[in-house]
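>>> sequence and predicted structure below; questions after.
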Amino acid sequence: MAPDALFEVRDLGVRFTTPRGRVSAVREVTLEVRRGECLAVVGESGSGKSQLFLGCLGLLAAGGVVEGSARFDGQELLGPDDGPRRAALGTRLAMVFQDPMNALTPHLTIGRQLAEVVLERGLLDAAAARARSLEVLQSVGMPESEERLRQYPHELSGGQRQRAAIAMALMTRPDLLVADEPTTALDVTVQAQVIDVLRKARDRGLAVVLITHDMGVVAGIADRVAVMYAGRIVETAPAGELFAAPAHPYTAALLASVPRLDTPLAGRLVGIEGQPPAPGAEPDGCAFAPRCPSVLEPCHRSRPPLESHGSRSVACHALRRPAGAGP
Amino acid sequence: MSEAANETLLRVRNLTVRFPMPRTRLVGPRPWIKAVDAVDLEIDTGCTLGLVGESGCGKSTLARAILALVVPQAGTIEWRGQPLRHDDAVGLRRMRRELQVVFQDPVGSLDPRMSIGESVAEALEALEGPQDAVATRARVNSMLAEVGLDPTIHARYPHELSGGQCQRAAIARALVGRPKLLVCDEAVSALDVSVQAQIVNLLADLRRRHGLALLFISHNLAVVRHLCDEVAVLYRGRVVERGTSAAIFAGPRHPYTRALLAAVPDPDPAAHARAAVPELRAAAAAEAVAVVGCAYQPRCPLADGLCREQVPRLEDVGDGHLAACHQARIRPAAS
Amino acid sequence: MAGSIRASAMTEGALWGDARRRLRGNRAAIAAAAFIAVLVLAALLGPLGSPYAVDQVDWTLSPLASPPSLANGHWFGTDSNGRDLFVRVWTGTQVSLLVALLATAVSVVIGVAWGATAGYLGGRVDGWMMRVVDVLYALPYMFFVIILTVVFGRSLWLIFLAIGAVGWLTMARIVRGQALALRQREFVLAAVALGLPARRIIARHIVPNVLGTVIVYATLTVPQVILFESFLSFLGLGVQEPLTSLGRLVAEGALEMETAPWQLLVPASVLALLLLALNFLGDGLRDALDPRLG
């Protein structure tokens, strides 16, 4: 474990018992988040990226079971003792969701909700709580913060609500913020501003986990990226290297699918044929093999393990062929 | 396939759709909000028009007015030269055979209690009258194949399929009657990016194969760029810029269009490091504010006194490229 | 299906396969359904298994009203006129169930048609249609039923109509609420965009998607109808001799409560257990079908 690893996940799995039997959403995930860095966890529907963190934080829906280990600053969150998890959650470790109304109560003012975060835990007195609320709201770039404190969530726009939700998460000055698709529901002009808020918080020392399917947003803030497919990690790399030279065929295809403004007008988009396997219906061997443009024979038989090469790791058979064996 | 001569399929003039707001006072006129405000548009055979804007700009309301799902308060809509009236059932029927729609939510746009085959067959029957069962089945299957679905899917239900498959089924339903214009209301916004790419390619293929015209509504400029010949940008119910894709993407003249383009997240970390975050003044949360002058001016970095007093009209800024901005006339396009 | 497992595990529950599975998991509902099935069988076969007819007086008994006894073949005893209660109770159950089913059917048919149309059309039409419902709701329908029975006499068909005519009101309100929500859904908009006429959309898209709710409320209406019929019988306005119903039996038994308690206890128990089972089943159906659409 690297000395500055703040959050460490080992062999994590998430299973659900559905009417159709036991189904795994996440399998054998190992990753870490270092202090002050932004790790982006990228994947499409069904990749398990949200369930991974919901599992670590004990927020799974009914019927969900977590296995494996998740350590926050050395303390195990998933052990039989609930204590460390409940101590960390909401104070040193906070979460922000796609819909800010998941965090905001419609019938209380913003100021009241922000203050309650610290008042409830007895961290500050009323006056200090009010002062902190204003300070945090300003730090997330909320225009006219004083007035906003007196307003109700429905009086704010979508972007402002999301800023308020982020402010709520930052009230206790956490060490780690997990943001699950924070910009997906927002207009594109507001999206850039919210990412800017997260980036500035990261620059001030906050570790951020950004869960998203939007590669453009990832490029704006991530230090490192982990790509997930069908419940497993298929590649991790520093952001610059991942975008410049993706190693796993899925990462390459995903990047190629993103519509860009600098390619020829009315050019054809590159998609990925087919769709991800339904949870519980993963094929033998590599889950991406049925759709992979670089597929080889062994890919259908055995699942490639995640192997590290320096700062990167990839799970792919097609990379391990000796040089000169073809494209 | 013999092609009809190039004609203007859809002509919208001065369209206005208003919605009543909840009353703040017991007496006096009821406050309204203009979802669509004096919009003009035209779409010719085989042409694709991208309608771009963010939430609340009125693009969905505009689409619904065009499809005669919502009654406008003012303005006219002409389909192939014939004005559309809401009490003209025969005219509407004729229009519906040639103008169809695909919605945003792939699973929600299909009746959960009908199989895919039944949904598509129902469309065929609605548009062309009662059909022979065998012929219907054949046409449904061929349509499903054409959108890239395995014909065995006709017996499945929407909740058994993925988002991409459902959207293909919705496209099959919309196209089974061979319409001339397809309205896509955020049709790819709810899909994963790799699936989005498939559907956009499918639409491009279908368009080429059948000479289909498209009204493609989206908040995603990058997608619009791949599919559309022309673009119209909507802000608060008004068209603020209009032109060919080439012109708009190369040189946007309205500050809002520029802001939209600047905000599209580029999947390139180096580009992000270079660019500064566009500093937009905050948009007011309340939409019903009666703004005198340009609706964009509270957020606009270029706004001056004239902008606060006079609503800018759409004017030609060169070669048929239209922009509704006082500053666009004065200052040439920024690079 | 696209989306996380969590999403697919909680899909809009109203598809029949998932619903059946959920229902099977609900033990109370299954037990209730089994009990009702047994009761129905008993009601149909019971009278056949007894040598007595429904209005046959057993003159061999003295007094005529005799308590339940296996020895003399009157397993539930006899009523004050010496008629076998076993046969009468099961015949009465048949009649009560028949009235309940038919009256519920009438209220479902009228209620669904009215509510779906009002909810889908919306606007002024909806306003007027629901005003009618509101006005009818306000009428004291007991008086209405009494007047009908006085004018047309006490026939079984009249009971059906009277009860059905009142029962459809609640059903209409419930269905109208569902229809209002449904008409905003995109698949309904798509149907409108296809040019389908309103009656077709209501029949093919609105009604099938409210069926879940309708089934639940119909199952919960049945006990209400049985009770109402029992109440009418108690007042002497229900079915006439020689037919009987659970309500009549309870009414008659109540008069003899002190001297011949079994005459009250047996039909009252059957009635109470039937209502209880129907309520359990209705609750189970509601959980299984989850009428929150969307």
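Structure received.
>>> tell me the contacts of the residue nearest the centre of chain C?
The C-alpha lying nearest the average C-alpha coordinate of chain C belongs to residue C:222 (Cα atoms, centre = their mean; 1.3 Å). Residue C:222 sits next to C:100-101, C:104, C:278 when contact means Cβ atoms under 8 Å, 6 or more residues apart in numbering or on different chains. The C-beta positions use only the backbone N, C-alpha and C, and glycine is treated the same way.
>>> which one of those sits closest to residue B:297?
Taking Cβ to Cβ as the measure, residue C:104 is the one of the contacts of residue C:222 closest to residue B:297, at 62.8 Å.
>>> just to revisit the earlier point, let me see the mean pLDDT of the helix or strand hosting the residue nearest to the centre of chain C.
Assigned by DSSP states H and E, residue C:222 belongs to helix C:207-234. The average pLDDT within helix C:207-234 is 84.
>>> what's the next secondary structure element after that helix?
Past helix C:207-234, the next helix or strand by DSSP H and E is helix C:246-255.
>>> quick one: the helix or strand just after that next one to helix C:246-255, angle?
Remark: after helix C:246-255, the chain's next helix or strand is helix C:262-289, criterion DSSP H and E. With axes from the mean of the first three to the mean of the last three Cα atoms, to 10 degrees as the basis, helix C:262-289 and helix C:246-255 are set at 140 degrees to each other.
>>> just the buried positions in helix C:262-289, please.
For helix C:262-289, the neighbour count (16 or more other Cβ atoms under 10 Å in any protein chain shown) marks C:262-268, C:270-271, C:274-275, C:277-289 as buried.
>>> ok, residues contacting stretch B:6-14?
For stretch B:6-14, contacts defined as Cβ under 8 Å, 6+ apart pick out B:38-46, B:66, B:74-81, B:98-99, B:180-181, B:213, B:215.
>>> could you rerun that using 7 Å?
The contact list for stretch B:6-14, computed with Cβ atoms under 7 Å, 6 or more residues apart in numbering or on different chains, reads B:38-45, B:66, B:74-80, B:180-181, B:213.
>>> buried stuff in the helix or strand harbouring residue C:115?
Per DSSP H and E: residue C:115 is located in helix C:85-121. Buried residues in helix C:85-121, counted by 16+ other Cβ under 10 Å: C:85-100, C:102-104, C:106-108, C:110-121.
>>> what of stretch A:156-163?
A:156-163.
>>> please list which of those residues are also close to chain B.
Restricting the buried residues of stretch A:156-163 to those near chain B by Cβ under 7 Å from any Cβ of the partner chain leaves A:156-157, A:160.
>>> just those residues now: which is nearest residue B:311?
Among these, and counting by Cβ to Cβ, the member closest to residue B:311 is residue A:157, at 22.8 Å.
>>> relative to residue B:214, how far out is that closest one?
Distance of residue A:157 to residue B:214, given as Cβ to Cβ, to the nearest Å: 30 Å.
>>> try residue B:41
From residue B:41 over to residue B:214 the distance is 13 Å, taken as Cβ to Cβ.
>>> a strand runs through residue B:11, doesn't it?
Yes: applying DSSP: H, G, I helix; E, B strand; the rest coil, one finds residue B:11 inside a strand.
>>> and it, how many neighbours?
17 (other Cβ atoms under 10 Å in any protein chain shown).
>>> and if you look at the one 10 residues further on?
Residue crowding around residue B:21 was assessed by other Cβ under 10 Å; the count is 13.
>>> kindly report the same for residue B:192.
Residue B:192 is flanked by 25 other residues according to other Cβ under 10 Å.
>>> show me the contacts for it.
Here residue B:192 is in contact with A:44-45, A:213 (Cβ under 7 Å, 6+ apart).
>>> now the residues you listed in TSV, with neighbour count and pLDDT?
Formatted as TSV, the contacts of residue B:192 follow (neighbours: other Cβ atoms under 10 Å in any protein chain shown; pLDDT from 0 to 100):
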residue	neighbour count	pLDDT
A:44	22	87
A:45	20	81
A:213	18	88
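>>> out of the residues you listed, which touch chain B?
Near chain B, judged by Cβ under 7 Å from any Cβ, the entries from the contacts of residue B:192 are A:44-45, A:213.
>>> which one of those residues is nearest residue A:25?
residue A:45 (11.5 Å).
>>> which helix or which strand is home to the closest one?
Residue A:45 belongs to no helix or strand when elements are defined using DSSP H and E.
>>> any idea how far residue C:252 is from it?
As judged by Cβ to Cβ, residue A:45 and residue C:252 stand 66 Å apart.
>>> residue B:229 now?
Here the criterion is Cβ to Cβ. By it, residue B:229 lies 85 Å from residue C:252.
>>> do residue C:221 as well
26 Å.
>>> again, but for residue A:9
From residue A:9 to residue C:252 the distance is 74 Å (Cβ to Cβ).
>>> with residue A:184 instead?
Noted for residue A:184: a distance of 69 Å to residue C:252, by Cβ to Cβ.
>>> the more surrounded of those two?
Taking neighbours as other Cβ under 10 Å, residue A:184 and residue C:252 compare with residue C:252 leading, 19 against 14.
>>> does the more buried one touch residue C:83 like I think?
No: using Cβ atoms under 7 Å, residue C:252 is not in contact with residue C:83; the gap is 10.2 Å.
>>> any regions of the stretch 101-250 of chain C where pLDDT drops low?
Within the stretch 101-250 of chain C, no range satisfies pLDDT under 70.
>>> those residues of it touching chain B, which are they?
Contact residues, the stretch 101-250 of chain C versus chain B (Cβ under 7 Å from any Cβ): C:185-187, C:189-190, C:192-196, C:205, C:208-209.
>>> which of these are buried? Put it as a ChimeraX command.
Buried residues within these, by 16+ other Cβ under 10 Å, are selected in ChimeraX with:
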select /C:185,186,187,189,190,192,193,194,195,196,205,209
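>>> which one of the residues of the stretch 101-250 of chain C next to chain B is nearest chain A?
Checking these against chain A with Cβ to the nearest Cβ, the nearest one is residue C:186 at 18.0 Å.
>>> hey, where'd the helices end up in the stretch 101-250 of chain B?
B:116-128, B:133-146, B:163-175, B:193-210, B:221-227, B:245-250 (DSSP state H, counting those that start in this stretch).
>>> and residue B:34, how far from residue C:45?
Taking Cβ to Cβ, one finds residue B:34 at 71 Å from residue C:45.
>>> compare these two (neighbour count), which wins?
More neighbours surround residue B:34 than the other of residue B:34 and residue C:45, with 21 against 11 (other Cβ under 10 Å).
>>> tell me who's in contact with the more buried one.
The contact partners of residue B:34, taken as Cβ under 7 Å, 6+ apart, are B:16, B:18, B:237.
>>> mind doing that once more with 6 Å?
Residues counted as contacts of residue B:34 (Cβ atoms under 6 Å, 6 or more residues apart in numbering or on different chains) are B:18, B:237.
>>> close to chain C: what parts of chain B are there?
B:67, B:69, B:93, B:96, B:101, B:103, B:105, B:108-111, B:113, B:123, B:126, B:159, B:162-163 (Cβ under 6 Å from any Cβ of the partner chain).
>>> just give me the neighbour total for the closest residue to chain B within chain A.
In chain A, no residue comes nearer to chain B than residue A:216, which is 2.7 Å away by Cβ to the nearest Cβ. Residues lying near residue A:216 (other Cβ under 10 Å) number 25.
>>> name the element it belongs to?
Residue A:216 belongs to helix A:215-221, assigned by DSSP H and E.
>>> what does the helix or strand that that helix is followed by contact?
Counting by DSSP H and E, the element after helix A:215-221 in chain order, helix or strand, is strand A:224-229. Contact with strand A:224-229 is made by A:31, A:39-43, A:47-49, A:233-236, A:238-239, A:242, A:250-251, A:288, as judged by Cβ under 6 Å, 6+ apart.
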